[in-house]
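Enquirer: Next one to model:
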Amino acid sequence: MTNNPNLQSEARGFALYVGIDEQQAINSGVTLTELVKALRATLSELVPGAETYAAVALAPKGAGGRNVDVVRTALHDPRAIDQLVQRTDTDDETDEGVVVDLSRRRVLVNGENAELTQKEFDLLNYLIENQGETISRRELVELVWNSDDAQAPNDRTIDVHIRRLRAKIAGFEDIIRTIRGGGYRFDSHPDVHVEDYQI
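Expert: As a prediction, the model looks like this:
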């Protein structure tokens with residue numbers, strides 16, 4: 001659609017990008033093929049005669065990033081391509097401070113990859129999502145680790161994980177504040193930039 005009254009346009013359909021890999025589908029008891037068939041069946045039931053087209057987005061194993069971003073880029077979504085270009089341009093410009101790249105699941109400290117483990121990134125990500133709020137150790141354990149995860153720490157050893165995380169962002173560790181008797185809190189910092197390209 002356009003805001004220019006001299007240019008007339010009409011909606012002819014829509015694109016729904018679904019970010020899910022084969023293993024996620026299998027873990028949920030379905031395959032990607034079954035998901036596509038189910039979505040098509042639902043659409044056909046709601047709008048008989050609707051035309052559909054499905055395409056699977058492929059990426060190198062271990063490429064990283066959010067599945068939905070990989071799909072949008074692989075299928076040449078214009079906004080995803082623009083964001084990818086902008087992100088590449090700014091990567092070279094941001095050398096000082098911390099960049100938390102949520103879509104790529106990485107943290108750069110003064111231009112260097114902090115090499116966070118998956119759980120360290122998950123911890124930081126959860127604190128960022130709840131910026132300004134005090135998150136208890138128990139909540140971090142329950143929401144960052146699965147309840148049946150044998151590797152899940154207890155309330156006390158969560159401090160060890162936080163200490164390791166802080167060590168990897170040395171110089172900016174104050175963004176993760178310890179709240180006595182409460183837990184931890186993420187505080188914003190002028191030299192800490194959080195990038196998320198979700199639309």
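Enquirer: Spatially nearest residue to residue 68 (excluding sequence neighbours)?
Expert: residue 19 (2.9 Å; CB to CB, 6 or more residues apart in numbering). The way it works is simple: take the backbone N, C-alpha and C, and place the C-beta from them, glycine included.
Enquirer: what's the answer for residue 143, then?
Expert: residue 126 (6.3 Å).
Enquirer: And residue 70, by the same measure?
Expert: Closest to residue 70 by CB to CB, 6+ apart is residue 59, at 4.8 Å.
Enquirer: can I assume that neighbour sits in a helix?
Expert: No - counting by DSSP: H, G, I helix; E, B strand; the rest coil, residue 59 is not part of a helix but coil.
Enquirer: wait, it sits on residue 74?
Expert: Yes - using CB atoms under 8 Å, residue 59 makes contact with residue 74 at a distance of 6.7 Å.
Enquirer: quick one: least confident helix or strand in the chain?
Expert: Counting by mean pLDDT, DSSP states H and E, the weakest-scoring helix or strand in the chain turns out to be helix 78-91, with a mean of 62.
Enquirer: ok, then the element right after it?
Expert: Under the assignment DSSP states H and E, the closest C-terminal helix or strand after helix 78-91 is strand 98-101.
Enquirer: Pull up the gap between residue 132 and residue 70, please.
Expert: Look at residue 132 and residue 70: by CB to CB, to the nearest Å, they are 31 Å apart.
Enquirer: how's this structure carved up into domains?
Expert: As recorded under automatic domain parsing, the domains making up the chain are 1-92, 94-195.
Enquirer: Please work out which of those domains is packed deepest.
Expert: Using mean count of other CB atoms under 10 Å, the stretch among those with the greatest mean number of neighbours is domain 94-195 (a mean of 15).
Enquirer: and it, average pLDDT?
Expert: For domain 94-195, mean pLDDT is 86.
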